[in-house]
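**Student:** Need a 3D model of the sequence below.
(one chain, ligands or ions: 1)
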Amino acid sequence: DPEVSFTFNVTLAYGAPSCFARPIVLVNGMFEPAVYIHQGDVLKITLVNNLPASYPGVSDGISIHYHGLHMGGPAAWFDGASYISLCPITAGSTYTYQFKVNDPPGTYLWHDHAAGFKGDGLQGPLIVRPRRAAPMPPAGLPPGAPAPSVPDLWQYDDEHIVFLSDWYHATMNSLMFRLNMPFDAAKVTNDSGSWNWIGNPQALLINGRGFYGDCPLFAPAGANPTPPVCAPTSFTVPPGRSAQQPWASNNNPGCTHERLVVQPGKRYRLRIIGASTLVYMTLCFEGHNVTLLAADAMPVAPVSTRCVDVNSGQRLDVLLTADQPPANYWIAVAPQYRVGSPAGYAVLSYEDPSTNATVTPAFPTTPAPQIAAMPPWSQEANEQVVMAPELLVPSNGSALAMYRREGQPTLAPPKSADKLVVVNLTQPLLENGQLRWALGNVAMPKTPPCSPLMNQLRRDPAYLTMAAVPASTVNGTGAGPNVGIGSAGPSRSTPLYLSGVSPAPLYPSVGLNIVQLEGGQVVDVILNNRPANENNGDYRPNGATRNATEQHPFHLHGHRFWVLGRGTGSFSPELHGASLNTANPPLRDTVTVAASGWAYLRFRADNPGVWPFHCHILPHIFMGQQATSRQPLSPEKMYNFAPYTKSWLRAKWGLSGWEL
Ligand code: C2O
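**Tutor:** Okay, here's the model as predicted:
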């Protein structure tokens, strides 16, 4: 297998991606660089942590996760989830990930999975191209074949990445630090000594570029209201740090909008990647409809739309045809649910193919599009329901459907499941005053010292039997929730606590949230997004309750799941069972669970290892909204994988009692 090696030299620099100077994290001098590989390649990334040991948050270390990749076989050890697959890579140390990429070609991302550095720029696109040996599609049509009425959507002239991130003007570790402090109502407002929320981002970036304060670079003449103009300010790079590369210097922070250049009549695949730490985003194209090709690297039925929704961890591939009068057009991204959070802009710029010159003036002459915001999650009203549409199709509101491309295997889900896990998403306040996000009432924050669950699984046979969820058999999709994490409903009638503590605690707590699965099981997961005031045992002072929930993008490592359905309220077999799509549901790795809503997922536990299942909002995972699914490690599967050998693994991990 061809091996593709990279060294990721991670350094601290000083830069201004949003036009505001702050410390940022670079890889080989680049901000959020893209990694391109081919299916079938062995990817080798040597991560070198050259962050200064004195930098705040550095003690939490770094690690790289390959979001959306299956990581089968021994690759499970290189999944990069710190505290689960490995310990974080601390300042001054080095770690090499090495695994074969068997995943379908498509759009993925890599990101830090240790502490807050993802929010400082330690992330980027991960593009898997078709196998190197893959035959090119035959030119023209086979003899006798009817001419297609529409051209194959998947044939395009060129492609662009659209990497969407939210950006804070303080470093993410410094913001998240306070999430570990006990909640103190008297101190929360004066910014001292209490839990405090990280707040809204200051900018949305497209391909690492943008402007803070919601200001386009040039206010179009006559725009009403006149947008503020954020003038780039010069800054001085502190001693010992380099300036952001490649577009910044001391004198010119160089902030500008990203420009996606297209030529008239050509077709472009846009690889849209949701890489926010917090916000749910809507991306719109002025003057152009795009056609949906894939969600989370899996083909979906084509839908033509002006705007798409992208949550943190989600990817959408769309086709854009440059069929409009040559000009400059806005590409706008706006946050949803978060009042007062700014939008971001890029420019779709037509180029004259004969001169390679882009159209002037350099910026659109129209006002930047305003994207309709969905209601905020935090309202006075109790039980406010806001359905995240996943994909905005204003005219027909269609949901995503799986799409089987010619010559590809059918990816329909199994008709029934072997096990059902019901999870309530809650925000408990612990007895010690810490506020947590949780599954059931159990939060899983990182608690040093690090002892990766993957190692514990191998080393301690007793650990295997701890905290296992009894399997239940579910026929079809209509069965009631008889096994769950936390209570299946507001009454907490059958709490099932997963940290191995017995008896199960009555009150919110901190634990490991491990779900034991058997290899090959088909597992259904129902996520019910409940307000925290339905947690019996919420320690919030003075009987105060939390009324609203908020949306959570849930991501499962090492697997793809079928999204059988999503809705409002809690899932009820009677009310919603018949609406589940078991015929052609989308196969994704990240799903939005709407505020006060539910999602019904099905996946096959076909990947031995320990796999995180968590909210992809960085401060939520930091506050513990995470579980792991654990499947027995099968020696055959672990070893049958060049270039790894049993002795290599033993040498690398020092495992004893390896045979199971
Ligand atoms: Cu992209 Cu565990 O996350």
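
**Student:** how about Pro264, phi and psi?
**Tutor:** Per-residue torsions, Pro264: phi -50, psi 130 (degrees, to the nearest 10).

**Student:** Report the contact partners of it.
**Tutor:** 322-323, 326, 350, 353 (C-beta atoms under 8 Å, 6 or more residues apart in numbering). Glycine gets a C-beta too; all of them are placed from N, C-alpha and C.

**Student:** Now do the helices in the chain.
**Tutor:** Using DSSP state H, the helices of the chain run over 172-176, 185-188, 453-459, 461-465, 573-576, 618-622, 635-639, 646-653.

**Student:** ok now do the closest residue to the ligand within the stretch 1-150 of the chain, which residues does it touch?
**Tutor:** Residue of the stretch 1-150 of the chain nearest the ligand, by C-beta to the nearest ligand atom: His67 (3.6 Å). Counting by C-beta under 8 Å, 6+ apart, His67 touches 108-111, 126, 313, 555, 589.

**Student:** And this protein, what are its domain boundaries?
**Tutor:** Here the domain parsing of the chain from automatic domain parsing is 3-134, 161-220+241-358, 419-653.

**Student:** average pLDDT across the longest one?
**Tutor:** If you average the pLDDT over domain 419-653, you get 65.

**Student:** do the same with the second one
**Tutor:** Model confidence over domain 161-220+241-358 averages 85 on the pLDDT scale.

**Student:** same thing with the shortest one?
**Tutor:** Rounded to a whole number, the mean pLDDT of domain 3-134 is 90.

**Student:** ok, what's across the strand from the residue of the stretch 1-150 of the chain closest to the ligand?
**Tutor:** With DSSP bridges as the criterion, His67 is bridged to Leu109.

**Student:** just to revisit the earlier point, same list, the contacts of His67, but only the ones touching the ligand.
**Tutor:** 111, 313, 555 (C-beta under 6 Å from any ligand atom).

**Student:** need the residues of the stretch 51-200 of the chain near the ligand, please.
**Tutor:** So the stretch 51-200 of the chain meets the ligand at 65, 67, 81, 111, 113 (C-beta under 6 Å from any ligand atom).

**Student:** got the contact list for Gly106?
**Tutor:** Applying C-beta under 8 Å, 6+ apart, we find Gly106 in contact with 68, 128, 294, 296-298, 315, 317.

**Student:** right, I mislabeled it, should have said Val525
**Tutor:** Counting by C-beta under 8 Å, 6+ apart, Val525 has contacts 420-423, 561, 600-603, 613.

**Student:** For it, give the beta-bridge partners.
**Tutor:** Under the criterion used (DSSP bridges), Val525 bridges to Val421, Leu601.

**Student:** Now do it against Thr590, distance only.
**Tutor:** Separation of Val525 from Thr590 (C-beta to C-beta, to the nearest Å): 13 Å.

**Student:** do Asp184 as well
**Tutor:** As judged by C-beta to C-beta, Asp184 and Thr590 stand 34 Å apart.

**Student:** how about the residues of the stretch 451-600 of the chain near the ligand?
**Tutor:** Counting by C-beta under 6 Å from any ligand atom, the stretch 451-600 of the chain sits next to the ligand at 555, 557.

**Student:** Check the stretch 451-600 of the chain for the residue nearest the ligand and tell me.
**Tutor:** For the stretch 451-600 of the chain, C-beta to the nearest ligand atom, closest residue to the ligand: His555, 5.0 Å.

**Student:** pretty sure that residue is touching Phe613, no?
**Tutor:** Yes: in this structure, His555 is within contact of Phe613 by C-beta atoms under 8 Å, at 7.4 Å.

**Student:** what about Thr358, how many neighbours?
**Tutor:** 16 (other C-beta atoms under 10 Å).

**Student:** shouldn't it be in contact with Val261?
**Tutor:** Yes: using C-beta under 8 Å, Thr358 makes contact with Val261 at a distance of 6.1 Å.

**Student:** who touches both of the two?
**Tutor:** With C-beta under 8 Å, 6+ apart as the test, Thr358 and Val261 both reach 349-351.
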